[in-house]
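Undergrad: I would like to see how this sequence folds:
(chains A and B)
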Amino acid sequence: MRVFRDLFWFFRQEKKAYMTGVLLLVVVAFFETVPPKVIGILVDHMKNGTMTRGVLVRWLAVLAVVAAALYGLRYAWRICIFGAAVKLTRQLRNELYEHFTKMSPSFYQRKRIGDLMAHATNDLQAIQQTAGSGILTLVDSLTLGGFVLATMAVSISWKLTVISLLPLPVMAVATSRYGTILHRRFVTAQAAFSSLNDKVQESISGVRVIKAFGYEKQDVEAFRRQSEDVVAKNIAVAKIDALFDPTIGFLVGLSFFLAVAFGSEMVLTGELTIGELVSFTTYLGLLIWPMLAFGWLFNIVERGRASYDRVRALLAEQDEIHEAPDAIDVPPRGDIEYDIKRFVYPGEMRTALSDIRFRLKSGATLGVVGKTGAGKTTLLRLLLREFDGYDGEIRFGGHDIRSYTLSALRSAIGYVPQDHFLFSASVRDNIAFAQPEAEEKEIVRAAQLAHIHEDILQFPDGYATVVGERGVSLSGGQKQRLSIARALLTNPEVLILDDALSAVDAKTEARILAALKQERRGKTTIIAAHRLSAVEHADWIVVLDGGRIVQAGTHEKLVAEDGWYRDMHQRQQLEAFVEGSQIGGMA
Amino acid sequence: MNGQTLTAKEQRRVLWRLLSYMGRYKKEAALAFFLLLLSTAGELAGPYLVKVFIDDYLMPGRLAFEPVAALAAAYLGVLGAKTVITYFQLVEFQRLALYIIQALRMDVFSKVHRLGMSYFDRTPGGSIVSRVTNDTEAIKDMFISVLAVFVQNGLFVIGVFITMFVLNVRLALFCLFILPAIALIMRTYRRYSSVFYQDMRERLSELNAKLNESLQGMAIIQAFRQQQRLYREFAAVNEAHYRAGMRNIRLDGLLLRPAIDVIYMVSIMVVLGFFGISALESPVEIGVLYAFVNYLERFFEPVTQMMMRLSLYQQAIVSASRVFALLDREEEAPFHPEQAPYTIERGEIEFRDVSFSYDGKRDVVKRVSFVIQPGQTVAFVGHTGSGKSSIINLLMRFYEFDRGDILLDGRSIRDYSRTELRRRLGLVLQDPFLFYGTVRDNIRMYNETIDEERVRAAARLVQAEPFIERLPGGYDHVLAERGATLSSGQRQLLSFARTIAADPKILVLDEATAHIDTETEEAIQEALARMRKGRTTLVIAHRLSTIQDADQIFVLKRGEIVERGTHQQLLAQRGIYYQMYLLQNGLVDARR
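TA: Below you'll find the predicted structure:
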């Protein structure tokens, strides 16, 4: 029940809804005790021959009023309590989202997106259950159970009440026990299902290999074995799940038996009228739900607590990136100086960067090359202040980048990441991502610079074409060029291209680079690339290996000296030729 | 394809097709239904016995021990029996549902493996996976919590009415009003809930899609400082979801339990009114009244249950229609006889005027003809889109060619059984795909005739053994997801070993060295040279240096072979290949 205390802030926030709802539930519970009473009274009149038209009409009228009142009240408490619970999820979901937007990449390195999604869906669902059904069950089982018990004991017979209720506590205990076992088996069955899912995923991704080896039949067999395991585990769940109804039915039947057996004796001794016995059994029927509910309540609350704890832990996560209290709120401009002794990714052992020292003049172009994993991307990400925990400093415009506000720093930078991520939105909205109010003219201009304008015109709806996961599929090169257009739109002080031209053919690459050179005169550009042609014209090139700068200089200098750069240059020219796309310096 | 586009008629057809699966489990179904009949009868017997007791013994006040004890014993006996039978009945229904889903899943998965590559090239993998698992899971939920509940509760409702008619025909007739009343509420509820509920689900999936996308693109959102704008957008969708949720709560409040409860109260009033009016004239049977009240009390919970499950039904039908659409796809893989007497012994390959197009309009392979002698190595050279991968797709029978013929050992490839072809043709792909499992499993795959010695011999031949033995557990090392912990070179060596272990007659290398880092390049080349020994080999290569010793080289351009010959012959032709050679030599000079 601790979860109710933990959620108390919310109950207080929505106190009007909850107080009204609970009050209504109490009234409903009271009204529910009326019909059995009326049945008993009328039965006695029938039995004793005292029935008159007036009596009948009066009591039926009472029932009609109660029925109408119950309808209205039941509707109303649902709006109050369930409505408040939905409000809670809305609020928590917004809080989670806002929290996510504040977390830096090290957070996303630690967490898997699937898990974060699960928190925002399943956990919120469980919390909603607690704040809605949980409260309902708690209040309802207490009040309805209490009222019915009181009516039975006080107005009919406390002796008979005690006797006939003997089997019911067993029910609460049994169902709650079943619930625990069921949950455990259910988790096992879910795990089997998700590994079946993995299996299918693997078969589909590896379908070419399976077909090449002609193992279709064997793979179907393997699938059969695994899916039969899923069936077996689900039958294990069913075997527990099927215990609920019979157990409840049996104990309720026993209760009725006791009530009728002992009640009849009391009728014969005159302790009870026959009408009272009939209404007593009807009350018994009313008690089933509160009893059951109590068993449920524990499950709901248990799950709700676990979920709420997880969500709270998530919301309590502190980010490593902090803005200084007196941070500079003016976008930086000027030279960029790297002076990093050592950087290790949080939670890793391997040094990602060490002894990185260079100065990039404002307006110059820097090329960063090296093998995969040499540290190119890391170098760029530090400038964006995605990580803070390095030994040394990066100065931009004379100040440590950590002394700017995040917003000021990032507004000076246009970033084209390696994995070109587009949103499920129109081409227009994707390009105008950083500046949604940008004019059509500016958007087209950015697209032209990135050499994607012509392609866009070919799309089914031009600039209104929806791209991204749920839109038309684009080639890797088109996605990259859209990402470039997106970064160019704000005309940033510094443009970072992180292997952003790898999927673009050499001719287009050359054109884009030429356009950038022209357009971005006087502005700083940093290009990390696998293909050396992208950095040939840079003012300065650094070659990284194992997180260190192993070579540095202009293209001409690097080609002339023995080393990785020259080897790579020769190899790539050959490959480019075999691919059939002629590039400069090839004749 | 979504919920709204299915007409009522289509929905019914889908439902029938689903139910037809029950035919495969006649015995199980019969047992489940038989148990259900028994347990329903047991359920109904209880109040009836109490009625007999009240009217025949309690009211007249003659409580002879024996008959009353017999009645009590009967009540308890029925209660016990009913409890046990109900348990098995519930288990049997779930078992039946699970078997049906298992059958459906097997059908879908087998179908998927019968489909040709054209299907996989056109359909996102994720959606195929969903068909096999998630959609069938939704159908399972429907079988268990909708169909079973409907059958069980429906039978109970019918039983209640039969018993009421037995007890008192006139009163039972009065009570018949319940049925149209419930039907009306159900229909109204269904009409709105199918819209409201669907709406809420769509909002929810929109919400989740948005969240998922934001989480994936968070680096971009932060780099472009759009956190607040996206938060506002998210909050707007969240708000819409909240409103849809409230709408559902209101609908449930108006038409679900509260409404059903009103009908219950009215029916109680009818029963009381009926007996009350009768009592004005003559004494009434209190026991019958007891039984009626008791039956009515139990009657309505199942009804509410059924209504609450309606939305699940809707979803399951949509899922089922998607599954059936997959089962009805016709792009099956190229046909081969199950069994054929022919075997491939020599490994001679001939393409005779082969043409092929993916879309039926533009040929990507145009009247290609060539002969490869057994044991020869031939190479295909050309740009992306020149048709070299398509030629391999045709030889591997991933696609059916349109015109011409492919002959292996002088016989049309179509005459061989699929098993024979797969056994003799070994393909190594650009992206080595490793499965979850041990190194050994990945080399052996499903072929149980490959013993430990052959696995090791294969690994040794391609020089993969040294690094395998360095892995924890060696051949028993369990590979992480897709072999993520291995380098791409190591992964490729494993896939070589896999191919060699199967001992094919014809080896097909589809840019097998494209993604290899320099460090492993030499080992790979060495391994390839050994693999080719005694096998007919087709190579597609990016790097010319790897194919110089080929017996024949075909230069492809726009689906046609434009140059062919040995390295020397091609140089003499002074065409595209010659240019490449010059470039290569130039580079060699530059290196010196």
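Undergrad: Sort out which residues of stretch B:367-379 are buried, please.
TA: For stretch B:367-379, the buried set under the neighbour-count rule, 16 or more other CB atoms under 10 Å in any protein chain shown, comprises B:368, B:370, B:372, B:374-379. (Each C-beta comes from the backbone N, C-alpha and C, glycine too.)
Undergrad: Send me it as PDB with only the CA atoms.
TA: In PDB, the C-alpha atoms belonging to stretch B:367-379 read as follows (Å, rounded to 0.1, in the frame of the first residue of the first chain):
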ATOM      1  CA  ARG B 367      20.500 -12.100 -73.200                       C
ATOM      2  CA  VAL B 368      23.500 -13.100 -71.300                       C
ATOM      3  CA  SER B 369      25.400 -16.200 -72.500                       C
ATOM      4  CA  PHE B 370      28.500 -17.800 -71.200                       C
ATOM      5  CA  VAL B 371      30.000 -21.200 -70.300                       C
ATOM      6  CA  ILE B 372      32.100 -22.000 -67.300                       C
ATOM      7  CA  GLN B 373      34.100 -25.200 -67.400                       C
ATOM      8  CA  PRO B 374      34.300 -27.400 -64.200                       C
ATOM      9  CA  GLY B 375      36.900 -26.100 -61.800                       C
ATOM     10  CA  GLN B 376      37.300 -22.800 -63.500                       C
ATOM     11  CA  THR B 377      37.300 -19.500 -61.700                       C
ATOM     12  CA  VAL B 378      35.400 -16.700 -63.400                       C
ATOM     13  CA  ALA B 379      35.000 -13.100 -62.300                       C
END
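Undergrad: What's the mean pLDDT across it?
TA: Confidence over stretch B:367-379, taken as the mean pLDDT, stands at 92.
Undergrad: which outside residues touch that stretch?
TA: Residues from elsewhere that reach stretch B:367-379 (CB atoms under 8 Å, 6 or more residues apart in numbering or on different chains): B:346-355, B:387, B:391, B:403-404, B:532, B:534-541, B:547, B:549-554, B:559-561, B:564.
Undergrad: Need the buried ones from those selected in ChimeraX.
TA: Per 16+ other CB under 10 Å, the buried members of the contacts of stretch B:367-379 correspond to this ChimeraX selection:
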select /B:347,348,349,350,351,354,355,387,391,404,532,535,536,537,538,539,540,541,547,550,552,553,554,559,560,561,564
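Undergrad: Restricted to helices, list the contacts of stretch B:367-379.
TA: Applying DSSP state H to the contacts of stretch B:367-379, the entries found in helices are B:391, B:532.
Undergrad: tell me, what residue is most central in chain A?
TA: Centroid-nearest residue in chain A, with CA atoms, centre = their mean: A:Met117, separated by 1.9 Å.
Undergrad: In space, what's closest to that residue - neighbours in sequence excluded?
TA: Spatially, and ignoring its direct neighbours in sequence, A:Met117 is nearest to B:Asn212 (5.8 Å; CB to CB, 6 or more residues apart in numbering or on different chains).
Undergrad: May I ask which helix or strand encompasses the one you found?
TA: B:Asn212 belongs to helix B:178-216 when assigned by DSSP states H and E.
Undergrad: Which positions within that helix qualify as buried?
TA: Of the residues in helix B:178-216, those buried under the neighbour-count criterion (16+ other CB under 10 Å) are B:178, B:181-182, B:185-186, B:189-190, B:192-194, B:196-201, B:203-204, B:207, B:210-216.
Undergrad: which SS class is A:Val495?
TA: For residue A:495 the amino acid is Leu, not Val. At A:Leu495, secondary structure determined by DSSP: H, G, I helix; E, B strand; the rest coil is strand.
Undergrad: about what we covered before: quickly note the distance from the residue nearest to A:Met117 to B:Glu206.
TA: Relative to B:Glu206, B:Asn212 is positioned 11 Å away (CB to CB, to the nearest Å).
Undergrad: cool, B:Ser495 as well?
TA: B:Ser495 sits 41 Å away from B:Glu206, going by CB to CB.
Undergrad: For residue 150, the count of nearby residues, please.
TA: All of this is about chain A. 13 (other CB atoms under 10 Å in any protein chain shown).
Undergrad: other chain: chain B
TA: Residues contacting B:Phe150 under the criterion other CB under 10 Å number 17.
Undergrad: what do you get for A:Ser255?
TA: 23.
Undergrad: correct me, but it touches A:Val162?
TA: No: look at A:Ser255 against A:Val162 with CB atoms under 8 Å: they stay out of range, at 11.7 Å.
Undergrad: Which positions within the one helix or strand B:Ala235 maps to qualify as buried?
TA: Per DSSP H and E: B:Ala235 is located in helix B:227-255. Within helix B:227-255, the residues that qualify as buried by neighbour count (16+ other CB under 10 Å) are B:227, B:230-231, B:234-235, B:237-238, B:240-242, B:244-255.
Undergrad: tilt between that helix and helix B:178-216?
TA: Here helix B:227-255 runs at an angle of 170 degrees relative to helix B:178-216 (axes from the mean of the first three to the mean of the last three CA atoms, to 10 degrees).
Undergrad: burial of the residue of the stretch 401-550 of chain B found nearest chain A, as a residue count?
TA: Residue nearest to chain A within the stretch 401-550 of chain B (CB to the nearest CB): B:Arg422, separated by 2.4 Å. Counted with other CB under 10 Å, the neighbours of B:Arg422 add up to 23.
Undergrad: so when I look at it, I'm seeing a helix, right?
TA: Yes: counting by three-state DSSP, B:Arg422 falls inside a helix.
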